[in-house]
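[1] Prediction below, plus the sequence it came from.
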Amino acid sequence: MINKFKINPAIPLAILIAAATGTGVSFHLNQEKLSTGDLVPHEIGHDNINPYFNLNVKSTDFVLLDAGSSKNLATFLFDQKIKYCNEKGIACGLIINSTAEKDYEIYNDVEYVKSILAKYEISCPVYLNIKSIIKSKKLNNDEKEKLINIFLEMCEKNGIYVGISGEDDLLKQAKEYLDIKESDAYVIMDDKQDYKGNFIIYKDQEGKIHATKDIAKLINEKRLNTTATFKINKKETIKSMEELEELAFKNNLSIDTLLKYNNILKISLEYKFHKGETVTLSIPDILEPVPYEKTSFETLQDPLMGCDLSDMQEKNTDWDNMDFDFIIIRSNHGKTKDDCFEYNANNCIESNIPIGVYCTNEVFPKENESKEEFIKRFKEQVEITLDTIKDYQIDFPVYLGLEGEKIEEEYITEMLSIWKEEISKNGYIPGIYSNQSVMDNIIENDNTVKDKFELWVAGGENYDQEIDIDDVKPNFDEIKDYPTPMIQSTSSCINAGAKNSDGKLDIDYSKYDYTKKDNTEETIKEKYEIRKFSKNFAKMPYIGGSLILIGAATIGIGKKIKQKSKTKRK
């Protein structure tokens, strides 16, 4: 008996899917431009991939996916494509093909980008394809300029690496006739190559995508494109149409923009006001930090090793030998900014070392000074801290350093209350730093401090003894009366990569990795107010959508034929 050759039904399906999705365009850069003759990571690009099998897409490549827009969600199998990239470790970026003609539509495009970043890892840039906006017959140049700049500015404020994309000639015209915010670009080259703006990624005339540097590494080092950098919209509560008009006027927004951005009808608002209800609206272009809420961190079996830096070390730092898991940097002492804060913070970013911050308190009660005057001075010190660190990603706590003169209990209580409120409100983890005796007194006066703040305690038997970096050990066991997530084990370490005038450095240990926060999908959506965007499958593009429609039609025809044959047999 001859066995008939059977075709696996998955094979033709895979072929059809390949036709619908594309397998991507691969290329190799000119080897001569690299000193080693080898390609560096993320220089080979693709603008489409097959989400099920790829023979020519490597983990060292990058992919730029068409993500559609908030009005026309991503192309066929977008989720499968981006999941494939994440699972295979392929760096992925997005192209937003916005058709916005109103400001609330471009605001929604930014929210759409955030919804993707909250769900997936996007380690390459997010580009706004400006073609539809530039070519729109309904918009004048001022309106085009406004929409593009809103997208760029709002993405930047949310810590998203953003740029514009388009054909070479189109980008050239936009740069020449519109005042668009300076940004990166993805350039689709033509034979003229006239665009003179900044760009890292480009597609040549053969359709091959090139990157001039490892942009994924840059984004990772700067800790961009993560929910940790997201902001939330400022909210205001109103109770009448008059207050709505005032809210729109003072924020330079139209009433239509406010209502449509908040997805609420004017008639619904009027009805609520008639019933005496209030309504809280989000202001699309005013962003605020996500407030920090006390959370628990997993206790590490092996504590992380770090150090703390200030202008006491000046710039005597060998960053190639700063082999630390974290670094706590002084932001200010009193109302004076630390001279080396930016130097230290920028080098931490370049070295991919998570940052924490401390402010050395220099606000003490003065003779004949009222409590109100003291509080005013302390708040000014807090403002200096926040202003100094506002442009940096701070993963570890922001500590108030309490040393020096003894402060009365009532003043300490006020200081800690203000510190906790202001630091948390601005999205940072509030902490307290002091030596063991001062911390003992603080906790004795208020036992709840250990639950409200992350504690960092300096001390131990050998704290002041000179010790080599290889011999330093954590000494958490020397503090037993209360939990201490962070300890400064020594102030006298040598050969550590940085040093003060005595050649020494403070060494710290942390039981917690503060970069690991509660990042479940549901927590992220709630915390960062991520909006939900639903796909309209009726608009499914290209061959994939056609295949589904053909399949559905075939099934329908089959049913009719079957029913007809049954009728005839009767």
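    Alright, I've got the coordinates.
[2] I'd like the mean pLDDT over the longest strand belonging to the chain, please.
    Counting by DSSP state E, the longest strand found in the chain is strand 279-289. The pLDDT scores in strand 279-289 average 92.
[3] and what of stretch 151-163?
    Mean pLDDT, stretch 151-163: 96.
[4] Next: stretch 498-515.
    95.
[5] so Phe292, which of the three states?
    One correction, residue 292 is Tyr, not Phe. coil (DSSP: H, G, I helix; E, B strand; the rest coil).
[6] coming back round to it: which residues are in contact with the longest strand of the chain?
    With contacts defined as C-beta atoms under 8 Å, 6 or more residues apart in numbering, strand 279-289 is touched by 103-104, 107, 150, 154, 157-158, 231-239, 244, 247, 251, 253, 257-258, 261-262, 264, 269, 272-273, 425-428, 529. Yep, even glycine has a C-beta here, placed from its N, CA and C like the rest.
[7] what about 6 Å?
    107, 157, 231-235, 237-238, 251, 258, 261-262, 272, 426-427 (C-beta atoms under 6 Å, 6 or more residues apart in numbering).
[8] Kindly report the same for stretch 343-360.
    For stretch 343-360, the external contacting residues (C-beta under 6 Å, 6+ apart) are 221, 309, 315, 319, 326-333, 385, 389, 392, 394-401, 433, 515.
[9] Provide a ChimeraX selection command restricted to the buried entries of the residues you listed.
    Of the contacts of stretch 343-360, the buried ones go into a single ChimeraX selection, burial set by 16 or more other C-beta atoms under 10 Å:
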select :309,326,327,328,329,330,331,332,333,385,389,392,394,395,396,397,398,399,400,401,433
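[10] Which ones among the contacts of stretch 343-360 lie within helices?
    Judged by DSSP state H, helices contain the following of these: Glu221, Thr385, Ile389.
[11] quick one: contacts for the last one?
    Taking C-beta under 6 Å, 6+ apart as the contact definition, Ile389 lies against Ser331, Val357.
[12] and with 8 Å instead?
    Here Ile389 is in contact with Ser331, Ala345, Val357, Val398, Tyr428 (C-beta under 8 Å, 6+ apart).
[13] Take these and write them to a markdown table, including pLDDT and distance to Asp191.
    Below are the contacts of Ile389 laid out as a markdown table (pLDDT from 0 to 100; distance: C-beta to C-beta, whole Å):
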| residue | pLDDT | distance to Asp191 |
| --- | --- | --- |
| Ser331 | 98 | 52 |
| Ala345 | 96 | 45 |
| Val357 | 98 | 52 |
| Val398 | 98 | 54 |
| Tyr428 | 95 | 51 |
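[14] Which of those residues fall within strands?
    Ser331, Val357, Val398.
[15] Quick check: the first one vs Asp395, distance?
    Look at Ser331 and Asp395: by C-beta to C-beta, to the nearest Å, they are 15 Å apart.
[16] now do the second one
    Val357 sits 10 Å away from Asp395 when distances are taken as C-beta to C-beta.
[17] So which bits of stretch 527-536 are buried?
    For stretch 527-536, by 16+ other C-beta under 10 Å, it's Lys527, Tyr528, Glu529, Ile530, Phe533.
[18] Now for the closest residue to Asp325 other than its chain neighbours, how many residues are close by?
    Of all residues not flanking Asp325 in the chain, Leu304 sits nearest, at 3.8 Å (C-beta to C-beta, 6 or more residues apart in numbering). Residues near Leu304, counting by other C-beta atoms under 10 Å, number 20.
[19] Now the phi/psi pair for Leu128, please.
    Main-chain dihedrals, Leu128, degrees, to the nearest 10: phi -90, psi 110.
[20] What score does Lys560 have for pLDDT?
    42.
[21] Just list whatever residues bridge to the nearest residue to Glu454 once chain neighbours are set aside.
    Counting by C-beta to C-beta, 6+ apart, Gly431 is the residue found nearest to Glu454 once chain neighbours are left out, at 3.9 Å. Note on Gly431: beta-bridge partners Tyr399, Glu454, judged by DSSP bridges.
[22] Leaving aside the residues adjacent along the chain, what's closest to Gln465?
    Excluding the flanking residues, the one nearest Gln465 by C-beta to C-beta, 6+ apart is Ser492, at 6.0 Å.
[23] what's the spacing between that neighbour and Glu403?
    The gap separating Ser492 from Glu403 is 17 Å, by C-beta to C-beta.
[24] now do Asp320
    32 Å.
[25] of these two, who's got more company?
    Taking neighbours as other C-beta under 10 Å, Asp320 and Glu403 compare with Glu403 leading, 12 against 8.
[26] what sits against the closest residue to the more buried one other than its chain neighbours?
    Using C-beta to C-beta, 6+ apart and skipping the chain neighbours, the partner closest in space to Glu403 is Ser434 (6.2 Å). Ser434 makes contact with Gly401, Leu402, Glu403, Ile442, Val457, Ala458 under the criterion C-beta under 8 Å, 6+ apart.
[27] Same question for Met439.
    Applying C-beta under 8 Å, 6+ apart to Met439 gives the contacts Ile432, Leu455, Val457, Tyr482.
[28] same check, this time on Asp194
    Asp168, Asp169, Lys172.
[29] Now it: phi and psi?
    phi -90, psi -20.
[30] Likewise for Ile507?
    Torsion angles, degrees, to the nearest 10, at Ile507: phi -120, psi 130.
[31] measure it to Asn225 for me?
    32 Å.
[32] And these two? Which one has more around it.
    Higher neighbour count among Ile507 and Asn225: Asn225, with 28 against 23, using other C-beta under 10 Å.
[33] Can you pull the phi/psi pair for the nearest residue to the more buried one once chain neighbours are set aside?
    What sits nearest to Asn225 in space, not counting adjacent residues and going by C-beta to C-beta, 6+ apart, is Ile122, at 5.0 Å. Backbone geometry at Ile122, expressed as degrees, to the nearest 10, gives phi -120, psi 100.
[34] What about Ile122, how many residues nearby?
    26.
[35] Now for it: which residues touch it?
    Counting by C-beta under 8 Å, 6+ apart, Ile122 has contacts Cys92, Gly93, Leu94, Ile116, Asn225.
[36] and the helix or strand that Glu176 is a member of, what does it pack onto?
    Assessed by DSSP states H and E, Glu176 sits inside helix 168-177. For helix 168-177, the elements it packs on are helix 131-135, strand 162-167, strand 184-188, judged by 3 or more C-beta pairs under 8 Å, 6 or more residues apart in numbering; DSSP states H and E.
[37] Can you name the residues that contact the residue nearest to Met154 when sequence neighbours are not counted?
    Closest residue to Met154 apart from its sequence neighbours, by C-beta to C-beta, 6+ apart: Val110 at 4.4 Å. Taking C-beta under 8 Å, 6+ apart, we find Val110 in contact with Ile150, Phe151, Met154, Cys155, Asn158.
[38] Report the contact partners of Phe533.
    For Phe533, the contact set (C-beta under 8 Å, 6+ apart) comprises Ser70, Leu73, Glu111, Tyr112, Ser115.
[39] Show the contacting residues for the closest residue to the last one other than its chain neighbours.
    Same thing as Ser115. Nearest residue to Ser115, sequence neighbours excluded (C-beta to C-beta, 6+ apart): Ile530, at 5.2 Å. Shown in contact with Ile530 (C-beta under 8 Å, 6+ apart): Glu111, Lys114, Ser115, Ala118, Ile524.
[40] Using the three-state scheme, assign the last one.
    So that's Ile524. Of the three states, Ile524 takes helix under three-state DSSP.
[41] from memory it sits against Leu117, does it?
    No: with contact defined as C-beta atoms under 8 Å, Ile524 does not count as touching Leu117 (9.6 Å).
[42] May I see the ChimeraX selection of the buried members of the contacts of Met439?
    Buried residues among the contacts of Met439 (16+ other C-beta under 10 Å), as a ChimeraX selection:
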select :432,455,457
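[43] what's the closest of the contacts of Met439 to Asp339?
    Ile432 (24.2 Å; C-beta to C-beta).
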